[in-house]
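Asks: from the sequence below, what's the structure:
(2 chains)
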Amino acid sequence: MADFLSQYSIQRWLEMCPQGYLEDTVYGRGAEEHEPEELLGDEDLLESEISTTVQLVVGERCALAASSGLINAAPDFPSKRFLATQTLDEARHVEVFTQRLYDLGVKKGDLESTVDRYANPNLVKFAEVLLEKVDDGDFIAGVVGQNIVLEGMAFSVFEMMEAGNRDPNPKFAHTLTGTIADERRHVGFGENRIGALIREHPEKKPEIEKMQQEMTFYMLATFADAFADAPPPPPDPERAAAEWHGTDLATATPEEMEAVLANTVLGEFKTRLGRIGLEYQTPVGVG
Amino acid sequence: MDELEPHSLGDEEFDDETHSFEFWFGAVEGYLSDRPYGHRPATVEEPLDKRERDRLITTLCNYCTGETAALEGASGLVRLAPNHNAKIFMATQVVDEARHLEVFLRRLADLGVSDPDAEIARRANPALLEFKAALLALVGNEDWSAAVFAQNVILETMEYTVFRAHADNADPVTAEVLRGVISDERRHLGFGETHIGRGLADGSADRSRLQEVRGDLEAMVLRVFEDALDDAGVPPDERPELGRDYLEAVDRLGMAL
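Replies: Coordinates of the predicted model:
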């Protein structure tokens, strides 16, 4: 354990992240990059992007609360130290996505009302399930919820959005590139640290699997809502293909996008949960 | 960012600018980029005799205790923070405090301490442990203003003062590590003074409650001060002036008892 956790020191994080892939970025992207004019000039598209970005802010606020809240429950200094770096990573994500809302024209004074207006209720429920475990000081369940389920979801969502925005919106795609690199680290910690703890506390499995089941239910409901509201892609013969897990995101319908995202995230869950000795639980109707 | 003078900004713009990851990174980059674990690799270790080494280990064990309190306090405060900027600032403070703990633990390892947890448990100053429990109780009770006052004004002023005095008397490696930590503490203290000062001005912080917190913590703080300065080898004739630094910082907020 000691060797694995030594990979997550503050020093290494400083060298890899702020002094590494974030060097020379401003709010996670190039200093001269802007949102495309076509987006800023299209009211419907702009509202859809604001709504999408609000979900990212809601997810990252939850991750910030969870990672900072788990520090005091962590059983050893190396885990506390890793969670400290994750806390600042999540704060940075909140910052860059909040900045994107400002770039899309949201006034600073309207930030909270905009988040309240567009936040998906199912995503809010998803966050509440996780934060209940954090509030209880349940380190094992909290890390599974945060670093496997939430981060696993975020990782795939960001990857898909990055692939879909690479051509039409390089500024946003670059913002996402840095967050994907962070999430990869977080998921890696969850898998490595928690596998050992679950082997030590097998009695925790049923409760953790129930949490995963509930979080997955609300995640899928969030995806369903998000894609039901999404406008179909405008026909654009010049737009480059954006292949992601076998689907061209440049031409896919909202239904196709929802399907590829949900299948990818669930596939990842099954793999990652299996690695830590948990069995994926298919969601059923929740309260 | 280099050309910006944050103090020329209004309150809201000041917070947007200084309570951000971007500002934090710009600040730490200058003094951490060429200093893995807080000091330049080329800085030469000065030989310490047995007594000096033992005294330094005790001092570092107490620094670790203080930084653990600060890490646990700051992490608990992220969720209590009343707005976006305060949350982001607290997140930067969490990673600063974890870094301090990391560099002090590393220094203990350099000095040959193989079981730092046991060493810290054996040498931790009881008054500092009492202070830590009191701080975490304020955080646990979600008493934001009182916890920020205890953490970012009282604890940070105490650490800032002790670290500065110690850096002037320490071996070259420890002194360099301490100077990086001091730069962070200055930022944390600035947040505490600004935030509490504004809270007292607009009525969101209760002056009598903060005076009560100061009264509760003062005896512990002064005991920690005396012991820490003793362990750090700060000459007795410098101590009244250092105590004055602490009292002035608290009094600046109108917290006279």
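
Asks: check contacts around B:Pro36.
Replies: Each residue near B:Pro36 by CB atoms under 8 Å, 6 or more residues apart in numbering or on different chains is listed here: A:Gln11, A:Glu15. In short, each C-beta sits where N, CA and C put it, glycine included.

Asks: C-terminal to the helix or strand in which B:Asp54 is found, what's the next element?
Replies: Counting by DSSP states H and E, the element that carries B:Asp54 is helix B:50-80. Later in the chain than helix B:50-80, the nearest helix or strand by DSSP H and E is helix B:84-110.

Asks: list the helices and strands that following helix packs on?
Replies: Contacting helix B:84-110 under the criterion 3 or more CB pairs under 8 Å, 6 or more residues apart in numbering or on different chains; DSSP states H and E are the following elements: helix A:10-16, helix A:43-71, helix A:77-103, helix B:11-18, helix B:21-32, helix B:50-80, helix B:116-123, helix B:172-202.

Asks: repeat that for 6 Å
Replies: Contact here means 3 or more CB pairs under 6 Å, 6 or more residues apart in numbering or on different chains; DSSP states H and E; on that basis helix B:84-110 packs against helix A:10-16, helix A:77-103, helix B:50-80, helix B:172-202.

Asks: residue contacts, the residue in the stretch 101-250 of chain B positioned nearest to chain A?
Replies: Using CB to the nearest CB, the single residue of the stretch 101-250 of chain B nearest to chain A is B:Glu102, 4.9 Å away. By CB atoms under 6 Å, 6 or more residues apart in numbering or on different chains, the contact set of B:Glu102 is A:Ile10.

Asks: how about a cut-off of 10 Å?
Replies: Shown here is B:Glu102, whose contacts under the criterion CB atoms under 10 Å, 6 or more residues apart in numbering or on different chains are A:Ser9, A:Ile10, A:Gln11, A:Phe77, A:Pro78, A:Arg81, A:Ala84, B:Tyr37, B:Gly38, B:Cys64, B:Glu67.

Asks: same thing with A:Glu23?
Replies: Listed by CB under 10 Å, 6+ apart, the contact partners of A:Glu23 are A:Cys17, B:Phe25, B:Glu29, B:Ser33.

Asks: so how far is A:Phe82 from it?
Replies: Separation of A:Glu23 from A:Phe82 (CB to CB, to the nearest Å) stands at 22 Å.

Asks: thinking again about what came up before, Throw the helices and strands packed on helix B:84-110 into JSON lines and include distance to A:Gln146, mean pLDDT and mean neighbour count, thanks.
Replies: Formatted as JSON lines, the entries for the helices and strands packed on helix B:84-110 read as follows, by distance: least, CB to CB, whole Å; pLDDT from 0 to 100; neighbours: other CB atoms under 10 Å in any protein chain shown:
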{"stretch": "helix A:10-16", "distance to A:Gln146": "17", "mean pLDDT": "82", "mean neighbour count": "19"}
{"stretch": "helix A:77-103", "distance to A:Gln146": "8", "mean pLDDT": "94", "mean neighbour count": "25"}
{"stretch": "helix B:50-80", "distance to A:Gln146": "14", "mean pLDDT": "95", "mean neighbour count": "22"}
{"stretch": "helix B:172-202", "distance to A:Gln146": "26", "mean pLDDT": "92", "mean neighbour count": "19"}
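
Asks: distance to A:Pro232 for these - can I get that in JSON lines?
Replies: Shown next, in JSON lines, are those (distance: least, CB to CB, whole Å):
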{"stretch": "helix A:10-16", "distance to A:Pro232": "40"}
{"stretch": "helix A:77-103", "distance to A:Pro232": "23"}
{"stretch": "helix B:50-80", "distance to A:Pro232": "39"}
{"stretch": "helix B:172-202", "distance to A:Pro232": "47"}
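
Asks: closest to B:Leu229 out of those helices?
Replies: Within the helices and strands packed on helix B:84-110, the stretch nearest B:Leu229 is helix B:50-80; the backing value is 9.7 Å (CB to CB).

Asks: next, the angle from the closest one to helix B:84-110.
Replies: Using axes from the mean of the first three to the mean of the last three CA atoms, to 10 degrees, the inter-axis angle of helix B:50-80 relative to helix B:84-110 is 160 degrees.

Asks: the inter-axis angle of helix B:50-80 versus helix A:43-71?
Replies: Orientation of helix B:50-80 against helix A:43-71 (the same axes, to 10 degrees) gives an angle of 140 degrees.

Asks: ok now helix B:50-80, how far from the chain's centre?
Replies: Taking CA atoms, centre = their mean, to the nearest Å, the mean C-alpha location of helix B:50-80 is offset from the chain mean by 9 Å.

Asks: cool, and stretch B:171-186?
Replies: Here the centre of mass of C-alpha atoms in stretch B:171-186, compared against the chain's by CA atoms, centre = their mean, lies 11 Å away.

Asks: what does stretch B:26-35 give?
Replies: Its chain's C-alpha centre lies 18 Å from the corresponding centre of stretch B:26-35 when counted by CA atoms, centre = their mean.

Asks: repeat for stretch A:68-76
Replies: When distances are taken as CA atoms, centre = their mean, stretch A:68-76 is centred 20 Å away from the chain's centroid.

Asks: cool, and stretch A:101-112?
Replies: For stretch A:101-112, the separation from the chain centroid amounts to 21 Å (computed by CA atoms, centre = their mean).

Asks: residues in contact with the nearest residue to A:Tyr102 once chain neighbours are set aside?
Replies: Distance criterion CB to CB, 6 or more residues apart in numbering or on different chains; nearest residue to A:Tyr102, sequence neighbours excluded, is A:Lys108 at 6.6 Å. A:Lys108 makes contact with A:Thr98, A:Leu101, A:Tyr102, B:Glu12, B:Glu13, B:Asp16, B:His84 under the criterion CB under 10 Å, 6+ apart.

Asks: ok, A:Lys108 to A:Ser48 distance?
Replies: Counting by CB to CB, the separation of A:Lys108 from A:Ser48 is 22 Å.

Asks: swap in B:Asp143?
Replies: Here the distance between B:Asp143 and A:Ser48 works out to 42 Å (CB to CB).

Asks: ok, A:Phe139 - contacts?
Replies: A:Phe139 makes contact with A:Leu70, A:Ile71, A:Asn72, A:Ala73, A:Ala74, A:Pro75, A:Ser79, A:Leu83, A:Lys133, A:Arg193, A:Ile194, A:Leu197 under the criterion CB under 10 Å, 6+ apart.

Asks: and if you look at B:Glu142?
Replies: Contacts of B:Glu142 were listed using CB under 10 Å, 6+ apart, and they are B:Gly76, B:Leu77, B:Arg79, B:Leu80.

Asks: check the spatially most central residue of chain B and give its pLDDT.
Replies: Within chain B, the residue whose C-alpha comes closest to the C-alpha centroid is B:Glu156; the distance, by CA atoms, centre = their mean, is 3.5 Å. pLDDT for B:Glu156: 90.

Asks: now do B:Pro36
Replies: B:Pro36 is assigned a predicted lDDT (pLDDT) of 87.
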